[in-house]
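Visitor: Sequence and predicted structure, then a few things I'm wondering about:
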Amino acid sequence: MWLRLAYLQLPRAFNRQIVNGRHLKQDISGRYKALLRKQFYIHGVPWIYDAPKTDDKNPRHKKPKGHKNAIIKQERVEKIRKNIQDARAEEHKYRQERLNGRPLSGMDRIIQKSLPSWLSSKEHGSEERIKFLTQEQKEQIKKEREQQKKMKEDGLDDF
């Protein structure tokens, strides 16, 4: 160890070094560093090779983060406000879906079974309402059907 001191620079000898991206161990280990410090003390030479300690990284000087519920309180309040505003619409939508999803019973079922499906207002659980055609619309449909018949008779039904 004493021979090494002849060619080493003491401040760098006590620390690990990075060479070509690899960590190299310190040249003088902690055990021999302590032995050197003791020899310096015995001979009355001041030891100046320890880096000054800082309290910056000490967790005692760090401000506490606080509890999680205190941190996310504002987000929770905003979420609750939004949900309260949407609650009535959601409840109405849910109830409507439940009512529409029920199977027909009572008079609705009797009407559904006895009358043709195009007369009833509800067709197998769907929400479609029957649209009654006006006289003009009925005449329009008759004309279109007659034209289709003529085209079939003439052999032009492929077009």
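Guide: Cool, got the structure.
Visitor: From here on, just use CA atoms for contacts and neighbour counts.
Guide: Noted.
Visitor: can you give me the strands in the protein?
Guide: Assigned by DSSP state E, the strands in the chain fall at 17-19, 22-24.
Visitor: Columns mean neighbour count and mean pLDDT on top of the ones you listed, output as CSV?
Guide: What follows is the strands of the chain, written out as CSV (neighbours: other Cα atoms under 10 Å; pLDDT from 0 to 100):
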stretch, mean neighbour count, mean pLDDT
strand 17-19, 11, 83
strand 22-24, 10, 86
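Visitor: and those as TSV, adding distance to residue 151?
Guide: Output for the strands of the chain, formatted as TSV (distance: least, Cα to Cα, whole Å):
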stretch	distance to residue 151
strand 17-19	92
strand 22-24	89
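Visitor: what's near enough to touch residue 106?
Guide: Counting by Cα atoms under 8 Å, 6 or more residues apart in numbering, residue 106 touches no other residue.
Visitor: Check it and give its pLDDT.
Guide: Residue 106 is assigned a pLDDT of 79 by the prediction.
Visitor: same deal with residue 84?
Guide: 92.
Visitor: again with residue 7
Guide: Model confidence at residue 7, given as pLDDT, is 58.
Visitor: quick one, what contacts residue 144?
Guide: No residues are in contact with residue 144 under the rule Cα under 8 Å, 6+ apart.
Visitor: and it, how far is that from residue 138?
Guide: 10 Å (Cα to Cα, to the nearest Å).
Visitor: Could you do residue 56 as well?
Guide: The gap separating residue 56 from residue 138 is 89 Å, by Cα to Cα.
Visitor: Next: residue 91.
Guide: With Cα to Cα as the criterion, residue 91 and residue 138 are 42 Å apart.
Visitor: and if you look at residue 30?
Guide: As judged by Cα to Cα, residue 30 and residue 138 stand 104 Å apart.
Visitor: again, but for residue 80
Guide: Computed as Cα to Cα, the residue 80 to residue 138 distance reads 55 Å.
Visitor: try residue 24
Guide: Distance of residue 24 to residue 138, computed by Cα to Cα: 95 Å.
Visitor: got the residue ranges for the helices in the chain?
Guide: 2-7, 10-13, 30-43, 68-71, 73-101, 107-114, 135-154 (DSSP state H).
Visitor: What residues sit buried inside the third one?
Guide: Under the neighbour-count criterion of 16 or more other Cα atoms under 10 Å, helix 30-43 has 33, 36, 37 buried.
Visitor: Tell me if I'm right that the first one and residue 14 touch.
Guide: Same thing as residue 33. Yes: Residue 33 is in contact with residue 14 according to Cα atoms under 8 Å; the separation is 7.2 Å.
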